[in-house]
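Asker: can't give you the sequence, but here's the structure:
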Ligand code: ADP
Ligand code: F6P
């Protein structure tokens, strides 16, 4: 394999740059040529493809976001889009592709591989919602960001004797909410994997109030696509049924996706980037790199 491509796709995640860096430098050390595809599958369709050398990934290991940019590309879900992408791969001599992204990006990679472009997946998403790996790139940084924010919210919650509902990302997975709850000593976590009950929540909170706790924090996974759930929904329901409580809502939003990657994410991303190139070199096709 002489020429490989690398792209980042879907939601950006801190540590993606470290993964790109490891892919580029490992491939170059093995004598390969590396093409960087910008804006994920959108760039592959629109031929937004650049040559990368060892210097093009200088000073990026410590930066959040992705230097290759990313996109959600509806056109790639069509046969026409995939065929255009395949044409561009052929035009640039790309014989193998490293796709850094989440489960949607891997579905796209599967389509490419069905059309003759071998792909290796590297799991990059703050959601940690990819099976067959314990962790995904970006999850640890996002979790630490949430922890810092909740620690700050605890200060004001304590001062006013209020219940705070803090909404975090995760798409359909509750890893961020659940583990942030453990790390911050929250009263409860409301996650999509478990049915939630407002009375049970009130019991937890009531228990804390009786013990003279000054504040309560509840971590809530973001609302579903149909708009149900989310922090505001549970705060409203609690106050409706228990008007004696004063509740506030904080939605952390996209700040969870930014920031300097933690050491753990940088190391994970570096290991995975190296492993992706070694897998291509060893003739592996259409697999994902994971850590167990
Ligand atoms: P993530 O990779 O973080 O899960 P998305 O679900 O948005 O993010 O997927 C990223 C991109 O992968 C999509 O915008 C689309 O271009 C491509 N993709 C997702 N699902 C498919 C699919 N079933 N077939 C082809 N491409 C897909
Ligand atoms: O997959 C990462 C993620 O941040 C999810 O947690 C969230 O549901 C989604 O992306 C938000 O997507 P966007 O940035 O397109 O609004």
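Answerer: Alright, I've got the coordinates. Keep in mind it's a predicted model, so treat the numbers as computed, not measured. Ligands and ions are numbered 1, 2, ... in the order given.
Asker: And the residue nearest to residue 133 when sequence neighbours are not counted, how far from residue 122?
Answerer: What sits nearest to residue 133 in space, not counting adjacent residues and going by Cβ to Cβ, 6 or more residues apart in numbering, is residue 290, at 3.1 Å. Glycine gets a C-beta too; all of them are placed from N, C-alpha and C. Using Cβ to Cβ, to the nearest Å, we find residue 290 at a distance of 9 Å from residue 122.
Asker: Have a look at those two and say which one is more surrounded.
Answerer: Using other Cβ atoms under 10 Å, the more surrounded residue of residue 290 and residue 122 is residue 122, with 30 against 17.
Asker: The more buried one falls within a strand, correct?
Answerer: Yes: under DSSP: H, G, I helix; E, B strand; the rest coil, residue 122 sits within a strand.
Asker: Double-check it against residue 100; I have them as touching.
Answerer: Yes: proximity of residue 122 to residue 100 meets the contact threshold set by Cβ atoms under 8 Å, at 4.4 Å.
Asker: hey, what's in contact with both of these two?
Answerer: Counting by Cβ atoms under 8 Å, 6 or more residues apart in numbering, the contacts common to residue 122 and residue 100 are 19, 23, 137.
Asker: quick check, nearest of those to residue 161?
Answerer: Comparing these against residue 161 with Cβ to Cβ places residue 137 closest, at 39.4 Å.
Asker: OK, contacts around the closest one?
Answerer: 13-16, 18-19, 100, 122-125, 265, 268-269, 272.
Asker: ok, and the closest non-adjacent residue to the closest residue to ligand 1 within the stretch 51-200 of the chain?
Answerer: Residue of the stretch 51-200 of the chain nearest ligand 1, by Cβ to the nearest ligand atom: residue 104 (2.0 Å). Once flanking residues are discounted, residue 104 sits nearest to residue 10: 5.4 Å by Cβ to Cβ, 6+ apart.
Asker: The one you found falls within a helix, correct?
Answerer: No: read with three-state DSSP, residue 10 is coil and lies in no helix.
Asker: State the distance from it to residue 171.
Answerer: Per Cβ to Cβ, residue 10 is found 10 Å from residue 171.
Asker: doesn't residue 143 make contact with residue 183?
Answerer: Yes: between residue 183 and residue 143 there is a contact under Cβ under 8 Å: 7.0 Å.
Asker: okay, those two: which has more neighbours?
Answerer: residue 143 (24 against 15).
Asker: Would you mind naming the helix or strand containing the residue nearest to residue 133?
Answerer: Assigned by DSSP states H and E, residue 290 falls within no helix or strand.
Asker: Narrow the shared contacts of residue 122 and residue 100 to those in helices?
Answerer: Counting by DSSP state H, the shared contacts of residue 122 and residue 100 place 19, 23 in helices.
Asker: Can you tell me which of the shared contacts of residue 122 and residue 100 is closest to ligand 2?
Answerer: For the shared contacts of residue 122 and residue 100, the nearest to ligand 2 is residue 137 (11.8 Å; Cβ to the nearest ligand atom).
Asker: and the closest one, how far is that from residue 29?
Answerer: Distance of residue 137 to residue 29, given as Cβ to Cβ: 21 Å.
Asker: do the same with residue 105
Answerer: Between residue 105 and residue 29 the distance is 26 Å, computed by Cβ to Cβ.
Asker: between those two, which one's more packed in?
Answerer: residue 105 (28 against 11).
Asker: ok, the more buried one - contacts?
Answerer: Neighbour list for residue 105: 9-10, 40-41, 99, 121 [criterion: Cβ under 8 Å, 6+ apart].
Asker: Within reach of ligand 1, which of the residues you listed are there?
Answerer: When the contacts of residue 105 are checked against ligand 1 using Cβ under 6 Å from any ligand atom, the ones in range are 9-10, 41.
Asker: Cool, thanks, talk later.
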